[in-house]
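Enquirer: Please find the sequence and the predicted model below.
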Amino acid sequence: MLETDWMYEDYQITQAIDIQGRMVIFGESRLDNKPTAFLCGYYEPLLLADAYSEIQIGSYLEMMELFIKRVQCQIDKVREEQQEMDVPLDAITREMCVPYQENTGIRGQMVAIDPMRFRPEDRIGPKQIGYVIADQTPSKNSMVFRRLYDGREMCCFYGDILGVIKSEYQSDWAKEVVCQLEKNDENRKGETR
């Protein structure tokens, strides 16, 4: 939980919990004419402007109860997502990887991204495992990988990877996804010939 000191209108946001990409906020009015006014809502920092939503105002106990319910709702969403994954959630550790060596090509390799690069609720194995699709991007110190669990393409610095996952620690589901990716690449190359 973050203790904050930013303002939303006449309310000082005193508590915020950031989970699942959405921050649940709690604030209180410091105005003399609203000594018992508290607020609960959601906050999302966006590129062009911050977004506040579902703001409600009430007594301390009402808003604290709503704050706790909303945090629990966000926790339930994370738990539901993880239960739907149906794969082991154990994080990949540095010991499970062959360390990355500078000036070594890792395109086409299954790598583990350092879990500290992700939000706390996303520090699980399925979200760490990637397949390198572009080595040495224009910045020369980053790569593009496809996260094997959901196919999302992401970019990261070489310093963000734990290394190439040792074969004995590669999950069966991840190996199957890599095989499918390689098969699709071969088919695309065959079509362009």
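Expert: Good, I have the coordinates.

Enquirer: Now the element after the longest helix along the chain, going C-ward?
Expert: When the chain is parsed with DSSP state H, its longest helix is helix 60-85. Sequence order places strand 97-98 as the next helix or strand after helix 60-85, per DSSP states H and E.

Enquirer: Helix or strand: which one has M23?
Expert: strand 22-29.

Enquirer: Report whether the expected contact of L66 with Q56 is present.
Expert: Yes: using Cβ atoms under 8 Å, L66 is in contact with Q56, at 6.2 Å. All C-beta spots, glycine's among them, are computed from the backbone N, C-alpha and C.

Enquirer: what is in contact with these two at once?
Expert: C40 (Cβ atoms under 8 Å, 6 or more residues apart in numbering).

Enquirer: and the two? which has more neighbours close in?
Expert: Legend: neighbour count by other Cβ atoms under 10 Å for L66 and Q56, higher for L66 (19 against 13).

Enquirer: who's in contact with the more buried one?
Expert: If you count contacts by Cβ under 8 Å, 6+ apart, then L66 has C40, Q56, G58 around it.

Enquirer: let's see it at 6 Å
Expert: The contact partners of L66, by Cβ atoms under 6 Å, 6 or more residues apart in numbering, come to C40.

Enquirer: where are the low-confidence patches of the chain?
Expert: Within the chain, the stretches with pLDDT under 70 are 1-5, 47, 102-103, 136-140, 187-193.

Enquirer: just the helices in it please.
Expert: 60-85, 125-128, 172-192.

Enquirer: Looking at those helices, which is nearest to N33?
Expert: helix 60-85 (16.7 Å; Cβ to Cβ).

Enquirer: Now do the closest one and helix 172-192, the angle between them.
Expert: Relative orientation of helix 60-85 versus helix 172-192 (axes from the mean of the first three to the mean of the last three Cα atoms, to 10 degrees): 70 degrees.

Enquirer: doesn't F145 make contact with V132?
Expert: Yes: at 5.0 Å, V132 counts as touching F145 under the criterion of Cβ atoms under 6 Å.

Enquirer: which one of the two has more residues nearby?
Expert: Looking at V132 and F145 with other Cβ under 10 Å, you find the greater number of neighbours at F145, namely 25 against 18.
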